[in-house]
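A.B. asks: Got a predicted structure plus its sequence, pasted below:
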Number of protein chains: 2
Amino acid sequence: MKYYYIGVDLGGTNVRVAKVNEMGHIEQVIKEATEISQGVEHVIDKIVRMIKSIDHYEACEGIGMGVPGPVDTVHGVMNLATNLPGFENYPLCRTISERTGLKTYADNDVNVACLAESYHGAGKEYPICYYVTLSTGIGGAFTVNHQLVSGMTGYAGEIANIVIDRNREKVNYLNIGAVENEASGTAITRKGKAAFGDQIKHAGMVFDLAKEGDETAKRIVDEVCYDLALMFADIAHVVNPHIFIVGGGMMKSKDVFFDQVIETFKTLVHVGMRSTIFAEAQLEEPGLVGAAMLPMSKSE
Amino acid sequence: MKYYYIGVDLGGTNVRVAKVNEMGHIEQVIKEATEISQGVEHVIDKIVRMIKSIDHYEACEGIGMGVPGPVDTVHGVMNLATNLPGFENYPLCRTISERTGLKTYADNDVNVACLAESYHGAGKEYPICYYVTLSTGIGGAFTVNHQLVSGMTGYAGEIANIVIDRNREKVNYLNIGAVENEASGTAITRKGKAAFGDQIKHAGMVFDLAKEGDETAKRIVDEVCYDLALMFADIAHVVNPHIFIVGGGMMKSKDVFFDQVIETFKTLVHVGMRSTIFAEAQLEEPGLVGAAMLPMSKSE
């Protein structure tokens, strides 16, 4: 007998609903514009309609939702919903569950991506997976025995705010020296613009210059590698995961920086931690698959 | 029906064996010198004899051992045994289990103390407890739903090595700016000696001077508070625990520094994390009780 789950990937721009089997295979997927400007109830109506259009939706084991922001997973409520005005403190899971008749769970999009990787991707053989996304921002999440650990208020994995060097400049609301302000795609672009001017449009251009041998770009990349390695080391001393699963747009330039991060990491941890595995995220649709895995993980 | 467990607190100097009930109450306790100089087998014989001298030991549900060093909890083997030469890689749990007929588990002493506090102490109502001991050194451990998360190689909670300021001086094998070298009892004593000379014998004397209004001592304490707050913030961004449970000898001076650490912590985390609870460890015998709780936590 096969079990099926419904995954909802609710973003500020689009919402997607999929039917996913227990092996993480997507059997059916529907996509619509979120249209958050038309209000919360409009979006809820849309999600319910999309779920009910899934073949035999009522025979699925449950619904999981990935949402952009920290979630109170006990009450199924978003604690913060910058990109989905009106969803903050809205009884999301209760409403969807009442209107579909299916148990409903929610967690933030990085957490569900981590869950997907822990079940069906790079982490499937490892008890403790720490997922890190290196993109315009930096996010994280972790699982213990395929269960997400979301934290008291859904902030587990808010590693963007880890201070890797307190002697930097204030950039924004994050801590001075927060890793996101020093080693994210946005930070690398900022540092690239400062060094090379406005022709630098994204982090990939800085990585390309470093690859071509430009000394200034190499210095930027060296600093970024050290900053990231220290972030990974801090996480490792707190959790000692079996594997770091790394995703996000910066990994397009992984050949320029990833090995250097790993080698530097080894110099910043105890001998017994140097075998920590670093792997690239594997799944094409971690958001949808991971959302669908939420009810499966809760039933274990 | 009451359930009983056997807890073993194996230290470099003494070994204690106790019968503990499921409520964490110690019913019987025996203590002997470890005599590690006489070899591993001598110590193992001693532990087995002590266990067998517990009333109705054979009716207990299992044995848990707290040991000084990181443990491979899957195989029940110490990964590092600085204070117990010969125990590194010795099949500890298998041997004790074979010779007593009881299931046997082991974990490091800080981890079992955390487990005790999560079951029967300050953390008993909280899903995620992060235990921090501030003493001559700094250690940590954490539980999720009363299960210890020991990590890939038992290094979860090795927070001593978290870098709180990379612009300090090299002190020892730990990272430059590792929190243990900047804010532990040993570090405070070192800084006190540098400021006041050799009349400073321990950290408590620096705290006392600060309490009396000495400006130099206050500066040392201010720096220590900031360093500790940043360590707690780093941990919180990784795990977002419901509660930090803080123990260790430095807490004797908690009136001088603990509130300041908590207030500074709040300035270093997201708004949604500021309600994280900070509590003092409560139990008198966390090592023995926590060891005894190991088999209980594994059976849940």
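C.D. replies: Right, received. Where do you want to start? On a predicted model such as this, the values are computed, not experimentally measured, just so you know. Numbering: from 1, shown residues only, chains lettered A, B, ... in the order given.
A.B. asks: for chain A, where's the lowest mean pLDDT among helices and strands?
C.D. replies: Scoring the helices and strands of chain A by mean pLDDT, DSSP states H and E places strand A:71-72 at the bottom, with a mean of 90.
A.B. asks: in chain A, which spans are helices?
C.D. replies: Taking DSSP state H, the helices of chain A run over residues A:40-52, A:92-100, A:109-120, A:179-183, A:185-196, A:203-211, A:215-239, A:254-266, A:286-299.
A.B. asks: Give me whichever of the ones you listed is most buried.
C.D. replies: Highest mean neighbour count among the helices of chain A (mean count of other CB atoms under 10 Å in any protein chain shown): helix A:109-120, with a mean of 29. Quick note: C-beta positions are derived from backbone N, CA and C, even for glycine.
A.B. asks: before we move on, back to that, identify the residues contacting the least confident helix or strand of chain A?
C.D. replies: Identification of contacts with strand A:71-72 by CB atoms under 8 Å, 6 or more residues apart in numbering or on different chains yields A:Val77, A:Met78, A:Asn79, A:Ala106, A:Asp107, A:Asn108, A:Asn111, A:Ser150, A:Thr153, A:Gly154.
A.B. asks: for the residue sitting nearest the centre point of chain A, what are its contacts?
C.D. replies: In chain A, the residue lying closest to the centroid (CA atoms, centre = their mean) is A:Val110, at 2.3 Å. When contacts are counted by CB under 8 Å, 6+ apart, A:Val110 is found next to A:Tyr131, A:Thr133, A:Gly139, A:Gly140, A:Ala141, A:Gly157.
A.B. asks: Give me the distance between the fourth one and chain B.
C.D. replies: By that I understand A:Gly140. The gap separating A:Gly140 from chain B is 7 Å, by CB to the nearest CB, to the nearest Å.
A.B. asks: about what we covered before: show me what contacts the closest residue in space to the residue nearest to the centre of chain A that isn't next to it in sequence?
C.D. replies: Distances taken as CB to CB, 6 or more residues apart in numbering or on different chains put A:Gly139 closest to A:Val110, at 4.1 Å, once the chain neighbours are dropped. If a contact means CB under 8 Å, 6+ apart, then A:Gly139 has A:Val110, A:Val132, A:Thr133, A:Gly157, A:Glu158, A:Ile159, A:Ala160, A:Gly248 as its contacts.
A.B. asks: repeat that for 10 Å
C.D. replies: If you count contacts by CB atoms under 10 Å, 6 or more residues apart in numbering or on different chains, A:Gly139 has them with A:108-111, A:113-114, A:131-133, A:157-160, A:180, A:184, A:247-248.
A.B. asks: Then A:Pro295?
C.D. replies: A:Pro295 touches A:3, A:5-7, A:60-64, A:102-105, counting by CB under 10 Å, 6+ apart.
A.B. asks: quick one: which of those is nearest to chain B?
C.D. replies: A:Tyr105 (15.8 Å; CB to the nearest CB).
A.B. asks: For that closest one, which non-adjacent residue is spatially closest?
C.D. replies: Using CB to CB, 6+ apart and skipping the chain neighbours, the partner closest in space to A:Tyr105 is A:Leu294 (4.1 Å).
A.B. asks: Nearest residue to the residue in the stretch 201-300 of chain A positioned nearest to chain B in space, please, no chain neighbours.
C.D. replies: Proximity of the stretch 201-300 of chain A to chain B (CB to the nearest CB) peaks at A:Asn240, 2.5 Å away. Once flanking residues are discounted, A:Asn240 sits nearest to B:Gly151: 2.5 Å by CB to CB, 6+ apart.
A.B. asks: same question, A:Gly157
C.D. replies: A:Gly140 (3.6 Å).
A.B. asks: Hmm, A:Ala160 and the one you found touching each other?
C.D. replies: Yes - between A:Gly140 and A:Ala160 a contact is recorded at 8.0 Å, counting by CB atoms under 10 Å.
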